[in-house]
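Asks: fold the following.
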Amino acid sequence: MTSSSPRAGAFGDELTNLALGALIGALLLAGALRLAGSIAAFVTGAPQPAAGLEAGVGVVFRADDPGSVLGSASLSPVAYWITVALLLAAIGTAAWFIWRWVRELGKRTKADPNRIEGIADARDVQRAASERDLLRRAKTLRPSLTDPKPEQVGYLLGTSRGKGVWTSVEDSILLIGPPRSGKGANIVINSILDAPGAVITTSTRPDNLTATLRARQARRGPVSVFDPQHLAEGVPAGLRWSPIRGCEVPLTAMIRGTGLAAGTGLSGPSVENGGFWEGKTRTALQALLHAAALDHRQPAELFRWTLDPAAAADAVSILASHPQAATGWAESLDGMLQSDPRTRDSIWQGVSLSLASLADPRVLEAVSPSEDEQFDPEAFLRDSGTLYLLATGAGAGASSSLVAAFIEDLVETARRIAARSPGARLDPPVLLALDEIGNLAPLPSLPVLMAEGGGTGL
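Replies: Presented below is the predicted three-dimensional model:
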């Protein structure tokens, strides 16, 4: 049995291609030599050559008398070969310009977003992102509307191929771009202005706030700013929100603890067994929050517990004696406090990191509302309010973990409202415009929100 090697097959293909190239080149050269005879005869007044294309090959072998080969005996050899030289020069110049044009066209095609392969053409836009396609789904998106308008069920992102590009209120959008590329000015700000319902928006700078605050205030619904670090100078910090609020309910304490623990960064790749330590931090935080809420403690007291494991023994006593305390939470927290000192200190490092921003008196004040300042997330969502959350994820006083916990609180409230609403969705929907969320704080519920939030009006 015999078989041909791949190398032999490839070599045979190269020979075939070379032979075809040589044949095509010979035909083109013969055509050029024959055409030169016709041009030279026309210019000099000699009779037109009578021979065919094959005569162009023969001229090469009778260079001293091309006329006899071409069938024009009086054709001047000098005039013929001058014509050949000029013709070949013209053909070469034309070929060079064509090559340059094709090359530039290819560069423009690669750089032009309208020509890149895979970019939606006009037909794709009309089918998947047009106003008509949006209105076709309006009854599902906003069942309460009898005659919905496009802006009530979607957002106009811009135009493509001369057609408006719409996205529905239930679509999740991931926007990635370099700094100062217009993400906020072109997409985020417009979305905040156009949102038909409640808006929860984050940022590390006050740009979006200053551009949309007055417009949102002119609409119905409360407008609040949670700015514990006072990043927006000249704008009153306004809202004060306590991370302890509602944590007498164990589920709320668990959700709040998850948000605060996520801001520590322990689950990142740079921390060995980070997931384990973040889990321990979360468990300790939820117990501390639960104890603080049951005993009506202030955030300053909660902060004191996070600084020293010995001080947290007070929280264990509350959980062990209070009749509404979650079963087993006192034992869990006490087990951490009584564990090996190295393990205990590692856990408490995460606990202290989660609320380290409370060391800044401004931040502590922002999370210490008075009795008549209690924020009601359900009323806020029901009244289509607007909440601006400003914080940084790095540096002294960074309060991103508080923002993450605040968002988790609002998201869970929105889910509960949606569960008891017609169609199990919020109407009008809630817009989460989480600008700079990647630089702010990890949001534990974000992957689930991106995948499932649209179906509930989030």
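Asks: rest of the way, CA atoms for contacts and neighbours
Replies: Noted.
Asks: point out where the chain drops to low pLDDT.
Replies: Along the chain, segments meeting pLDDT under 70 span 1-12, 109-115, 236-237, 265-274, 393-397.
Asks: quote the end-to-end distance of stretch 69-79.
Replies: In stretch 69-79, first residue to last residue: 15 Å (Cα to Cα, to the nearest Å).
Asks: what sits up against it?
Replies: 34, 37, 40-41, 44, 46-52, 55-56, 58-59, 62-67 (Cα atoms under 8 Å, 6 or more residues apart in numbering).
Asks: any of those buried? List them.
Replies: 34, 37, 40-41, 46-49, 51, 55-56, 58-59, 65-67 (16 or more other Cα atoms under 10 Å).
Asks: tell me the one of the residues you listed nearest Ser384?
Replies: Arg34 (82.6 Å; Cα to Cα).
Asks: tell me which residues in the helix ranked longest in the chain are buried?
Replies: Assignment by DSSP state H gives helix 6-44 as the longest helix of the chain. Within helix 6-44, the residues scored as buried using 16+ other Cα under 10 Å are 27, 30-41.
Asks: coming back round to it: closest to Ala95 among the buried ones among the contacts of stretch 69-79?
Replies: Arg34 (19.2 Å).
Asks: still on that earlier bit, next step: the contacts of stretch 69-79 restricted to helices.
Replies: Per DSSP H, those map to helices at 34, 37, 40-41, 44, 55-56, 58-59, 66-67.
Asks: any chance of those residues in a markdown table, plus distance to Thr159?
Replies: A markdown table is the format used below for the ones in helices among the contacts of stretch 69-79 (distance: Cα to Cα, whole Å):
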| residue | distance to Thr159 |
| --- | --- |
| Arg34 | 55 |
| Gly37 | 57 |
| Ala40 | 57 |
| Ala41 | 60 |
| Thr44 | 61 |
| Ala55 | 60 |
| Gly56 | 57 |
| Gly58 | 62 |
| Val59 | 61 |
| Pro66 | 64 |
| Gly67 | 65 |
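Asks: and the residues you listed, which two are furthest apart?
Replies: For those, the farthest-apart pair by Cα to Cα is Thr44 and Gly58; their separation is 21.5 Å.
Asks: Arg132: neighbouring residues, count only.
Replies: 14 (other Cα atoms under 10 Å).
Asks: please apply the same query to Ala451.
Replies: For Ala451, using other Cα under 10 Å, the count is 11.
Asks: contacts only, for it.
Replies: With Cα under 8 Å, 6+ apart, Ala451 has these contacts: Ser172.
Asks: the nearest residue to Leu285 once chain neighbours are set aside and Ala79: what is the separation?
Replies: Nearest-residue entry for Leu285: Gly257, 5.2 Å, with adjacent residues in sequence omitted and distances by Cα to Cα, 6 or more residues apart in numbering. Gly257 sits 95 Å away from Ala79 when distances are taken as Cα to Cα.
Asks: if you count surrounding residues, which of the two has more?
Replies: Just comparing Gly257 and Ala79: by other Cα under 10 Å the higher neighbour count belongs to Gly257, 29 against 16.
Asks: buried stuff in the helix or strand in which that one is found?
Replies: When elements are assigned from DSSP states H and E, Gly257 belongs to helix 250-262. Using 16+ other Cα under 10 Å as the test for burial, helix 250-262 gives 250, 252-262.
Asks: number of nearby residues for Pro178?
Replies: Neighbour tally, Pro178, other Cα under 10 Å: 7.
Asks: helix or strand for it, which one?
Replies: With DSSP H and E as criterion, Pro178 is part of no helix or strand.
Asks: pop the domain breakdown of the protein in here.
Replies: For the chain, automatic domain parsing gives the domain ranges 10-111, 169-243+369-458, 246-354.
Asks: with distance to Val153 added, can I get those domains in a markdown table?
Replies: Shown next, in a markdown table, are the domains of the chain (distance: least, Cα to Cα, whole Å):
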| stretch | distance to Val153 |
| --- | --- |
| domain 10-111 | 34 |
| domain 169-243+369-458 | 6 |
| domain 246-354 | 30 |
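Asks: which among the ones you listed is found nearest to Val125?
Replies: Shortest separation from Val125 across the domains of the chain is recorded for domain 169-243+369-458, at 15.7 Å, computed as Cα to Cα.
Asks: what is the end-to-end distance of the closest one?
Replies: 8 Å.
Asks: what residues does the closest residue to Gly453 other than its chain neighbours make contact with?
Replies: What sits nearest to Gly453 in space, not counting adjacent residues and going by Cα to Cα, 6+ apart, is Glu170, at 7.5 Å. Glu170 sits next to 141, 429, 453-455, 457-458 when contact means Cα under 8 Å, 6+ apart.
Asks: with Ser368 instead?
Replies: 240-242, 298-299.
Asks: in strands only, show me those.
Replies: Cross-referencing the contacts of Ser368 against strands under DSSP state E gives no overlap.
Asks: most neighbours among the residues you listed, which one is it?
Replies: Using other Cα under 10 Å as the neighbour test, the contacts of Ser368 are led by Pro299, with 23 neighbours.
Asks: closest to Ile318 among the buried residues of helix 6-44?
Replies: Leu27 (98.4 Å).
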